[in-house]
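Student: need a structure here:
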Amino acid sequence: KKMLIDLHPELVSECLSFLDPKEMHQVSIATSVSTESVVNYAARLALSQLCVDIVPIFGETGFILFRLIHFLIESHDLRVIISIIQPWAYDGRFGKDISENTILDIVKKWVDLVDSLNIREKKSASNRMMQAATRYSVDGFWQPATMLMLSARQDQSHSVGASDIDISIAVSNFILDRLYSSTYVGAGNLQEDTDDMILACQLAKDAATNTFLIAANDVVVDTIVNDRVPTPAPSQYPSQVIRRGAAFMALGRARGLFAQFVALGAAFGDSRLLDPVELFCQAEAASQQAIDIFVEESPQEGGSSYTAEAKAILAEVYYCAASATKRNRISMFESDLSWEEAHSRLVTRSIRGSEEALNELRGLGLGRTQAAATVLKDLGKVQSYARMPAARSTFQEALEIQTSLVGEGHPLIHNIQRLDR
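Tutor: From the prediction side, this is the model:
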């Protein structure tokens with residue numbers, strides 16, 4: 001420690017720059033060389049070394065990497081930059097000491113950089129954006145994650161392939177996760193929330209439609225001609241059948257939440273004129289189609305876990321319809337029933353569906369996964385809505401599993417705590 005303090009600052013920076021970047025800040029504090037100039041210079045040196053070894057992602061060209069490196073060298077927060085260069089290798093959470101605004105500032109510049117590329121370059125650059133967006137969403141930085149996901153989705157608009165469908169599904173689900181993480185009914189900017197739900201529905205619908213347009217062997221069909229198609233990103237699903245089911249699952253989820261939004265009078269503009277009964281029927285049909293795809297078409301392709309998740313989404317659709325039925329005193333599904341009978345039946349269906357999905361996940365050894373935490377959260381929500389004493393223990397189990405997956409302070413944690421009040 002004394003030797004480091006006595007050394008020239010630039011030499012100290014040289015020493016620090018050879019550390020694992022994730023450890024640089026802690027070591028600088030421990031050795032009392034945490035002056036801003038020394039650490040920043042060390043970070044720039046370490047960044048330069050990282051950029052030399054930057055690994056191309058799925059079709060990125062040397063020119064794209066050159067532009068990216070030039071941009072990153074001008075940035076300052078090394079941990080954010082690591083998550084851009086090697087988003088799959090960053091194995092620690094950013095922590096509370098880093099501001100989401102810091103990430104957002106760099107991400108905005110990154111999006112501007114990608115916007116300056118041509119169509120071909122944007123397509124391959126978008127794969128890195130999705131990798132980083134996933135990293136940010138895991139760490140709870142949802143605003144920059146959303147910006148990157150939407151930019152990546154926009155950059156895929158000139159082709160229809162497996163990776164493009166995967167991005168549409170991911171962005172649709174992510175938008176809904178973000179909406180679910182806050183009190184979305186009667187709070188916030190209703191126009192923005194409405195626009196987000198419409199976008200989530202459209203992305204899921206496009207994904208479902210496009211699964212019928214590409215070959216079963218996942219060959220990319222690109223509408224740009226006279227140029228080489230970049231190497232596609234690795235598939236997120238084991239087969240085209242599973243991908244189709246996932247797309248319909250996302251569609252059912254998006255339409256179910258949007259139907260509830262409309263029925264509760266929280267929609268904005270012309271969306272208020274939509275028929276929530278029709279929207280709920282569409283949500284039920286899409287969710288059931290996902291279940292049918294997984295059960296009937298892919299029993300040998302590991303469809304069981306997907307089936308459980310699809311059943312959970314259908315259960316959530318029934319909860320959304322139950323709350324809308326009670327609010328409007330109108331049955332959202334079975335017109336021959338009184339609203340009271342319809343409401344009771346929907347609550348029962350939702351609880352049974354969630355319990356069945358949870359039991360299936362546990363039977364597959366997936367009882368401590370994100371899927372299980374989500375099902376538990378939704379089950380607790382319905383139990384609380386029905387004033388069942390079991391709600392508290394269900395929420396506590398959901399909170400324990402969710403915390404083990406994402407750590408404290410994540411928006412998903414706040415959402416469970418908000419519901420368990």
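
Student: centroid residue for this protein?
Tutor: Centroid-nearest residue in the chain: residue 174, 3.3 Å away (criterion: C-alpha atoms, centre = their mean).

Student: just say helix, strand or coil for it.
Tutor: Using DSSP: H, G, I helix; E, B strand; the rest coil, the structure places residue 174 in helix.

Student: neighbours around residue 103, how many?
Tutor: 25 (other C-beta atoms under 10 Å). The C-beta positions use only the backbone N, C-alpha and C, and glycine is treated the same way.

Student: so how far is residue 363 from it?
Tutor: Counting by C-beta to C-beta, to the nearest Å, the gap from residue 103 to residue 363 is 39 Å.

Student: over to residue 236?
Tutor: Distance from residue 236 to residue 363, counting by C-beta to C-beta: 24 Å.

Student: try residue 205
Tutor: Distance of residue 205 to residue 363, computed by C-beta to C-beta: 32 Å.

Student: between the two, who's got more neighbours?
Tutor: Neighbour count, other C-beta under 10 Å: between residue 205 and residue 363, residue 205 has more, with 20 against 11.

Student: please name the residues that touch that one.
Tutor: By C-beta atoms under 8 Å, 6 or more residues apart in numbering, the contact list for residue 205 reads residue 251.

Student: what helix or strand is it located in?
Tutor: Applying DSSP states H and E as the criterion places residue 205 in helix 190-210.

Student: so what's residue 109 closest to, chain neighbours aside?
Tutor: Sequence neighbours aside, residue 71 is the residue nearest to residue 109 in space, at 6.7 Å (criterion: C-beta to C-beta, 6 or more residues apart in numbering).

Student: check residue 308 too.
Tutor: Using C-beta to C-beta, 6+ apart and skipping the chain neighbours, the partner closest in space to residue 308 is residue 360 (3.9 Å).

Student: again, but for residue 276
Tutor: In space, and not counting its chain neighbours, residue 276 is closest to residue 263: 3.7 Å by C-beta to C-beta, 6+ apart.

Student: again with residue 410
Tutor: residue 140 (4.0 Å).

Student: tell me, how many residues neighbour that neighbour?
Tutor: Neighbours of residue 140 (other C-beta under 10 Å): 20.

Student: so it is in which element?
Tutor: According to DSSP H and E, residue 140 maps onto no helix or strand at all.

Student: okay but it is in contact with residue 414, surely?
Tutor: No - counting by C-beta atoms under 8 Å, residue 140 does not reach residue 414; the two are 9.0 Å apart.

Student: next structured bit after the lowest-mean-pLDDT helix or strand in the chain?
Tutor: Counting by mean pLDDT, DSSP states H and E, the chain has its least confident helix or strand at strand 221-222, which shows a mean of 38. As assigned by DSSP H and E, the chain's next helix or strand after strand 221-222 is helix 240-263.

Student: give the other helices and strands that that next one contacts.
Tutor: Applying 3 or more C-beta pairs under 8 Å, 6 or more residues apart in numbering; DSSP states H and E, one finds that helix 240-263 contacts helix 162-180, helix 190-210, helix 276-292, helix 303-328.

Student: got the buried residues for the helix or strand containing residue 359?
Tutor: Per DSSP H and E, residue 359 falls inside helix 339-363. Within helix 339-363, the residues that count as buried by 16 or more other C-beta atoms under 10 Å are 342-343, 345-347, 349-351, 353-355, 357-358, 360-361.

Student: repeat for stretch 72-81
Tutor: Using 16+ other C-beta under 10 Å as the burial criterion, the residues of stretch 72-81 that qualify are 72, 75, 77, 78, 79, 80, 81.

Student: just checking, which of the residues you listed belong to helices?
Tutor: Using DSSP state H, the members of those that fall within helices are 72, 78, 79, 80, 81.

Student: need phi/psi at residue 410.
Tutor: Here is the backbone geometry of residue 410 (degrees, to the nearest 10): phi -80, psi 150.

Student: now do residue 78, the pLDDT please.
Tutor: Per-residue pLDDT puts residue 78 at 68.

Student: again with the one 4 residues further on
Tutor: According to the prediction, residue 82 has pLDDT 74.
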